[in-house]
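# return a 3D structure for these sequence lines:
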Amino acid sequence: MAIPFFLDVGSGDRFCIYHAPLDEGAIRGAYVYIHPFAEEMNKSRRMAALQARSFAMAGYAVLQIDLFGCGDSSGDFVEANWDIWKDDLRAAVAWLERKTGSVAGLWGLRLGALLALDLANEAHRPFQDLLLWQPVVNGEAFLTQFLRMRLASEMLGTGAEKTSGTQVMRERLSKGEAMEIAGYELAPALAARIDSLNAAHLTIASTPIHWFEVVAEHGRPMPPASARIASGWEERGVQIHRHLIAGSSFWASQEITECPELLKATTGLCDEVYS
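Take a look at the predicted model:
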């Protein structure tokens, strides 16, 4: 059963959906879902809903939260910043743990996975585990890709003010100028924070990590940059498990698409680990 509500986090209301397990008296675990950035959030809504329902059917509670300035939550996107988002997640985790009596896990997609890692890195507590769907591992590279969307719109003649490259946009952001990118007004502080993040520098020693990487076809290896980070974590004693899933890039497709193998693998993993 999916129950929508607004969670008061002190700085406003955050829109949430609580997916209750079939038998709330026998909860097997609980997860806070952390959505991706900007339009990827909308592209991924169906997959997030399908996985949340699958979890609930399997006995896991899920809390989906729209972060500050996103979706149906309070605030404007241009006012959002990384620390507010982490505060939102702390409030979501606290609510879910009170509701279920379980230690919560974090389930993040794309930039939401990097946000989950950053939160876990500085938390003085363990989580049940981290489920990372196609995690962004390098904030600088991700921001560059996002800024290029403005250049693409300029090439298509959408009327956006002309710029001369991502470096110029970064310079404007560094001077305190917010910039409209693909319909989202990006604040300088948020851009700078994303730019500074690199998963390789984060260590989550007390929480198991399950990294789900979607590849084009069976047999494809994990991308080299991701593989290097995963290996580096392993060398530092992080409990990391890699899962390569053949499927489509649903977070970036023109049409809303699904990745059934990812749904099956994620729920199946939890059934195997927590049975």
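# going forward, measure contacts between C-alpha atoms and count neighbours the same way
Noted.
# so what's the closest residue in space to residue 176 that isn't next to it in sequence up against?
Excluding the flanking residues, the one nearest residue 176 by C-alpha to C-alpha, 6 or more residues apart in numbering is residue 188, at 5.6 Å. Taking C-alpha atoms under 8 Å, 6 or more residues apart in numbering, we find residue 188 in contact with 173-178.
# what pLDDT is listed against residue 117?
We have a pLDDT of 97 for residue 117.
# with residue 161 instead?
Listed pLDDT for residue 161 reads 56.
# what's the first helix or strand after the one helix or strand residue 87 maps to?
For residue 87, the host element (DSSP states H and E) is helix 82-100. Of the helices and strands lying after helix 82-100 in sequence (DSSP H and E), the nearest is strand 104-109.
# buried stuff in stretch 267-275?
Counting neighbours by 16 or more other C-alpha atoms under 10 Å, one finds that the buried residues in stretch 267-275 are 267, 270.
# how far off centre is it?
21 Å (C-alpha atoms, centre = their mean, to the nearest Å).
# nearest residue to the middle of this protein?
residue 112 (1.7 Å; C-alpha atoms, centre = their mean).
# pull out the buried residues from the contacts of residue 188.
173, 178.
# the residue nearest to the centre of the chain contacts residue 36, doesn't it?
Yes: with contacts counted by C-alpha atoms under 8 Å, residue 112 reaches residue 36, the gap being 4.7 Å.
# what's the overlap in contacts for the two?
By C-alpha under 8 Å, 6+ apart, no residue touches both residue 112 and residue 36.
# and residue 217, how far is that from residue 245?
Going from residue 217 to residue 245 by C-alpha to C-alpha, to the nearest Å gives 8 Å.
# which one's more surrounded, these two?
A side-by-side neighbour count of residue 217 and residue 245, using other C-alpha atoms under 10 Å, places residue 245 first with 24 against 12.
# so, low pLDDT: which residues of the stretch 101-250 of the chain?
153-164 (pLDDT under 70).
# what about the helices in it?
111-122, 139-155, 166-174, 188-196, 224-235 (DSSP state H, counting those that start in this stretch).
# of the ones you listed, which is nearest residue 271?
helix 111-122 (21.2 Å; C-alpha to C-alpha).
# now do the buried residues in the closest one.
Under 16+ other C-alpha under 10 Å, the buried positions of helix 111-122 are 111-121.
# nearest to residue 31 among the residues you listed?
Nearest to residue 31 among the buried residues of helix 111-122: residue 116, at 11.5 Å, using C-alpha to C-alpha.
# now do the contacts for residue 80.
68-69, 187, 190.
# and residue 67, what are its phi and psi?
Main-chain dihedrals, residue 67, degrees, to the nearest 10: phi -70, psi 160.
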